[in-house]
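S.K.: following is a predicted model, sequence given first.
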Amino acid sequence: MNKTIALISEHASPLAMLGGVDSGGQNIYVGELARQLAALGYTVDVFTRRDDPKLPLEVQWLPDVRIVHVEAGPSKQLPKESLFQYMDAFAAWMETFMERQPKRYALLHANFWMSGYVAMKLKEHIRIPFVITFHALGKVRLMHQRETDKFPEERCDVETQVMQAADGIIAECPQDEADLIQLYRADPDKITMVPCGFSPHEFHPIDKAYARMLLDLHPTRKMILQLGRMVPRKGIDTVIQSLAQLRENSMDAQLVVVGGEYEKPHLHADPEYRRLMEMATGLGVADAISFEGRKNREQLKYFYSAADVFVSTPWYEPFGITPLEAMACGTPVIGAKVGGIQYSVANGKTGFLVRPKDPQALARKLELVLKSEDLQVYLRQNAIKRVNECFTWKKVAQQMDEVYRGLAAPQPDGTADERQTIAEAFVEAADTLRLSADSLADTILRAGKALAKTFERGGKVLVCGNGGSAAESLHFSAELLGRFEIPNRVGLPVISLMGDPAMLTAWSNDIGFNDIFARQVEAYGRPGDMLMCLSTSGNSPNILEAMDRAKQLGMACMTLLGNDGGRAAVKGDINLIVPSRSTQRIQELHLHIIHLLCTLVERRLVDYSANRRASERSSSLVQAMDLSLQQKEKVKYDHAKQKSHIFG
Ligand SMILES: O=C(CO)[C@@H](O)[C@H](O)[C@H](O)[C@H](O)COP(=O)(O)O
Ligand SMILES: [Zn+2]
C-alpha cells in the first residue's frame, strides 16, 4: 500500500497551544495520530488553515510529518464557527498544492465536518478516497446547547452529505456510532469504531506526594481534579455544587480546576471563570477551590497524579481524552454517563459513572471514593491496566492503519516520471489521430476504393514492411484473406511477403536483404495487382526495390508512411503519410488505417455484389459476396476460376 496520506484539520493544528476555546482534543488527536502513523511507516501531511501571518507554508514537524498551512480566509485566528465560508478556498488551495507536488496520497483523513467538506470537494475532482472523524456532530451539539450554537445552519446537511460521500467513517465510541446511524442515517457498513488515545510517555503514574510537592499542593488533603476547557458544557458548575454537597456532609476536600484561556484566571476577560467563581462564593466553597488556569501539557501528569479522584461531568462529550489521561496516571475517574466517557470509564472498575448535571449523584460517588483508600487502589490498578490495553495512540494508529488499508487507492506501479511518459504518449497519440483524421480522410477513401477495385477486377494485393510494419502486413492479410466484419464471405487474395520465413532467411543469408520483397513481387505480381508497402521512414531499401519491381510489372503501388514520406512517397501512386515523426505513433496510425481500409473494402464489395447481382450471376466474387449476405453456413468459392484468373 502507498503509505502517503493527508490529514485535514481545518482549525486544529498539532502546532497550536492547548487550552484555548477552540483548541483541545482535536489538536492532540491529529498530532498524536500523525506521530504514531509515522512510526508505522506512513508519510503524513497535515493540512490546516494558516491562522497567523508568521506561519511558514510548511513545517517539518517530525521526520515524516509535515504541517502544511493552507491559505483560506484571513491569516489570523478566527472562531471555528466562522470558518465554513472559507472551505471552498481551502479545497481549491489544496487541490493546486497537490497537483504541483509529485507526492500522491493514498487517501485523505478529514477531521471535523468542515474538513470533511473539503475532502468531499477534493474527491469530486481528483477521486481520492477519504475517511472522516467528526469529533463532534452538529445534531448532538444542537440537542445539548441549542442556544449557544453559532455554527452555520447548513452544518447538519453538510455532515449528512459528507457521510454519504465518505469511503469510511470513524466512530470514536459506541454512542458516536449510534448517533451517526440514528441521527444521520449513516451507512453502518462504512463505520469503524476507533477510539481516541493517550501517550504513555506523556501520561504515567507519578508518586502522589512528589506531585503535590512540585505543584505546591497540600500533602494530604483530599483532592478532586477538574481539567479541561472552561466552557459551560463541561459541567464544572456541577462539580462545584457537589463540593458544596460534600461540605454539607462534613467531608473536607479541595477542588483544583485546571484549564481556561489564560495562564492566570482572569475575572474580567473570562466570563465562565467569573460565573463559576460567583457560584462558588454563593455556595460558600470558594475557599476550597483553586483555579489554576491553563497549564503546559508537560505539567498535566503532575496534576492528574496529585489528585485522589478526577471528575469529568460534561453535558455531552464526543469522546473525552482527559479521563484517559487521568486513568493513565492511576487516578480513578468519576465521569458523566455520556458519549465516550461511558465507554472509556468502566463503571465500578476504573471509576464511576453518574448522570450529567446531577451534583448529588456526583457527591455520593466522590464520598465513596474519597473515603476508601482500598477502593482507590482497586480503581487505580484497573484504570492503568484498561487504558494501556485499549487506548494508547499506538493502538489507535494500528486500528486506523487497518481502516486505511481497506480503503486506500491501490498503489500505483511505477514512478511519477513513468506516469508522465504514459500521459504524454496518450496525448501524442490522440493528437496524431486528430491530425490524421483531418489530413488523411480523402486519401483513405481513395485507397479503399483502389483496393476494392483491385479485388473486383480479379487482382490481388501483395503487402510488405519491416519489423513492426512486417507484423502489420500479416495483420492486413489476416483480416482480408481471413475474416474481418462480414462473416462467411469469400477470402480476398492478399499475400503478405512476410509469410515465408524459410524463403526470407535463405534469400537474405545467401544473396542479400534488399531484394527479399522484390523477388516475391516478381514471382507473384501481375498487371492489375497492387503492392502495398508499410514503412515509417519511407527509405528502407527493400521496400524501394519492391516498388520499382512492381512498377515494371504494371502493378499499382500504395504506401503507408510517416515523417515526410521519404523516397517511397515519390514512387507511390497513393500515399498515406501519417503526420508524425514518432515511429510508434506512425505505426499505431498504420494499424488504424489498415482497419479502416478493411472496413471500406468489405462494404464496397458488398455494394458491388448487390448492384451486379442481377446481371453478373456468374462472377465468382459476386456469388461469394451474395452467399455471405445470405449468411449461408457453407461458402462455395470458385477457387479454380480464381486461380486461372491470377495465373492468366
Ligand atoms: O516496430 C518497430 C518500431 O516501433 C520496429 O520493429 C521497426 O518496424 C523496425 O525498426 C523497422 O526496421 C523500421 O523500418 P521502416 O519502418 O523505416 O521501413
Ligand atoms: Zn513497433
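M.R.: Arrived safely, thanks for sending. Ligands and ions are numbered 1, 2, ... in the order given.
S.K.: tell me the domain boundaries of the chain?
M.R.: 4-197, 208-390, 439-646 (automatic domain parsing).
S.K.: what's the closest of those to residue 414?
M.R.: Smallest distance to residue 414 across the domains of the chain (C-beta to C-beta): 11.3 Å, for domain 4-197. Quick note: C-beta positions are derived from backbone N, CA and C, even for glycine.
S.K.: now the closest one: how far from the chain's centre is it?
M.R.: Relative to the mean C-alpha coordinate of its chain, domain 4-197 is positioned 15 Å out (C-alpha atoms, centre = their mean, to the nearest Å).
S.K.: first vs last residue of it, how far apart are they?
M.R.: End-to-end distance for domain 4-197: 22 Å, by C-alpha to C-alpha, to the nearest Å.
S.K.: what's the answer for stretch 534-549, then?
M.R.: Where stretch 534-549 begins and where it ends lie 16 Å apart, using C-alpha to C-alpha.
S.K.: what does that stretch rub up against?
M.R.: 463-466, 468-469, 472-473, 497, 513-518, 520-522, 525, 531, 533, 557, 559-569, 571-572, 577, 583, 586-587, 590 (C-beta atoms under 8 Å, 6 or more residues apart in numbering).
S.K.: next: stretch 294-306.
M.R.: Contacts for stretch 294-306 (C-beta under 8 Å, 6+ apart): 18-20, 202-208, 211-212, 214-215, 217, 223, 225, 227, 256, 258-263, 292, 310, 325-326, 328-331.
S.K.: close to ligand 1: what parts of the protein are there?
M.R.: Selection of the chain residues close to ligand 1 by C-beta under 6 Å from any ligand atom yields 466-469, 535-537, 540, 543, 583-584, 587.
S.K.: mind putting those into a markdown table with neighbour count and pLDDT?
M.R.: Shown next, in a markdown table, are the residues of the chain next to ligand 1 (neighbours: other C-beta atoms under 10 Å; pLDDT from 0 to 100):
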| residue | neighbour count | pLDDT |
| --- | --- | --- |
| 466 | 21 | 98 |
| 467 | 13 | 97 |
| 468 | 17 | 97 |
| 469 | 25 | 98 |
| 535 | 28 | 98 |
| 536 | 27 | 98 |
| 537 | 18 | 97 |
| 540 | 24 | 98 |
| 543 | 29 | 98 |
| 583 | 15 | 97 |
| 584 | 14 | 97 |
| 587 | 22 | 98 |
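S.K.: centroid residue for this structure?
M.R.: By C-alpha atoms, centre = their mean, the chain has its centre lying nearest to residue 128, at 2.5 Å.
S.K.: sec struct for that one, please.
M.R.: coil (DSSP: H, G, I helix; E, B strand; the rest coil).
S.K.: wait, it sits on residue 105?
M.R.: Yes - using C-beta atoms under 8 Å, residue 128 is in contact with residue 105, at 6.1 Å.
S.K.: ligand 2 contacts on the chain?
M.R.: Residues of the chain lying close to ligand 2 by C-beta under 5 Å from the ion are 468, 587.
S.K.: and stretch 520-536, which residues are buried?
M.R.: If you call a residue buried by 16 or more other C-beta atoms under 10 Å, then stretch 520-536 has these buried ones: 520-521, 524-525, 528-536.
S.K.: what residues are up against the residue of the stretch 51-200 of the chain found nearest ligand 2?
M.R.: Closest to ligand 2 within the stretch 51-200 of the chain is residue 102: 30.0 Å, counting by C-beta to the ion. For residue 102, the contact set (C-beta under 8 Å, 6+ apart) comprises residue 416.
S.K.: and residue 405, what element?
M.R.: helix 393-407 (DSSP states H and E).
S.K.: which element is the closest residue to ligand 2 within the stretch 501-648 of the chain on?
M.R.: Distances between the stretch 501-648 of the chain and ligand 2 by C-beta to the ion are smallest at residue 587, namely 4.9 Å. Using DSSP H and E, residue 587 maps to helix 583-611.
S.K.: buried sites along that helix?
M.R.: Neighbour counts over helix 583-611 (16+ other C-beta under 10 Å) mark 585-594, 596-602, 604-606, 608-609 as buried.
S.K.: count of neighbours near the residue lying closest to residue 60 once chain neighbours are set aside?
M.R.: Leaving aside its chain neighbours, residue 60 sits nearest to residue 66 (5.4 Å; criterion: C-beta to C-beta, 6 or more residues apart in numbering). Residue 66 is flanked by 18 other residues according to other C-beta atoms under 10 Å.
S.K.: so residue 66 sits in a strand?
M.R.: Yes - assigned with three-state DSSP, residue 66 falls within a strand.
S.K.: ok, now how distant is it from residue 75?
M.R.: 19 Å (C-beta to C-beta, to the nearest Å).
S.K.: which strands and helices lie in contact with the helix holding residue 587?
M.R.: Contacting helix 583-611 under the criterion 3 or more C-beta pairs under 8 Å, 6 or more residues apart in numbering; DSSP states H and E are the following elements: helix 416-456, helix 468-477, strand 556-561, helix 620-629.
S.K.: export those to JSON lines and tack on distance to residue 320?
M.R.: Shown next, in JSON lines, are the helices and strands packed on helix 583-611 (distance: least, C-beta to C-beta, whole Å):
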{"stretch": "helix 416-456", "distance to residue 320": "43"}
{"stretch": "helix 468-477", "distance to residue 320": "68"}
{"stretch": "strand 556-561", "distance to residue 320": "74"}
{"stretch": "helix 620-629", "distance to residue 320": "79"}
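S.K.: need the contact list for residue 40.
M.R.: 3, 397-398, 401.
S.K.: now do 10 Å
M.R.: When contacts are counted by C-beta atoms under 10 Å, 6 or more residues apart in numbering, residue 40 touches 3, 64, 394, 397-398, 400-401, 404.
S.K.: of the residues you listed, buried ones?
M.R.: Of the contacts of residue 40, these count as buried by 16+ other C-beta under 10 Å: 3, 64, 397, 400-401, 404.
S.K.: which single residue in the stretch 101-250 of the chain comes nearest to ligand 1?
M.R.: residue 102 (29.4 Å; C-beta to the nearest ligand atom).
S.K.: return the distance of the host helix or strand of residue 522 from the chain's centre.
M.R.: For residue 522, the element it lies in under DSSP H and E is helix 516-524. In terms of C-alpha atoms, centre = their mean, the centre of helix 516-524 is set 59 Å apart from its chain centre.
S.K.: which residues touch whatever residue of the chain ends up closest to ligand 2?
M.R.: Here the chain gets closest to ligand 2 at one residue, residue 468, 3.2 Å apart by C-beta to the ion. Contact analysis of residue 468 by C-beta under 10 Å, 6+ apart lists 534, 536, 583-584, 586-588, 590-591.
S.K.: give me that answer again for 7 Å
M.R.: With contact taken as C-beta atoms under 7 Å, 6 or more residues apart in numbering, residue 468 is in contact with residue 587.
S.K.: before we move on, what about residue 76?
M.R.: With C-beta under 7 Å, 6+ apart, residue 76 has these contacts: 51-52.
S.K.: repeat that for 10 Å
M.R.: By C-beta under 10 Å, 6+ apart, residue 76 lies in contact with 50-53.
S.K.: repeat for residue 441
M.R.: residue 596.
S.K.: for residue 455, same thing?
M.R.: Here residue 455 is in contact with 461, 480, 490, 492-494, 530, 601, 604-605, 608, 621 (C-beta under 10 Å, 6+ apart).
S.K.: dump those to TSV, plus distance to residue 172 and pLDDT.
M.R.: Supplementary listing: the contacts of residue 455 in TSV, determined by distance: C-beta to C-beta, whole Å; pLDDT from 0 to 100:
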residue	distance to residue 172	pLDDT
461	73	98
480	68	96
490	74	87
492	72	95
493	76	96
494	71	97
530	76	98
601	69	95
604	71	90
605	72	86
608	76	74
621	78	65
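S.K.: surely the residue nearest to the centre of the chain and residue 109 touch.
M.R.: No - judged on C-beta atoms under 10 Å, residue 128 makes no contact with residue 109 at a distance of 11.1 Å.
S.K.: mind listing the shared neighbours of the two?
M.R.: Residues touching both residue 128 and residue 109 by C-beta under 10 Å, 6+ apart: 5-6, 119.
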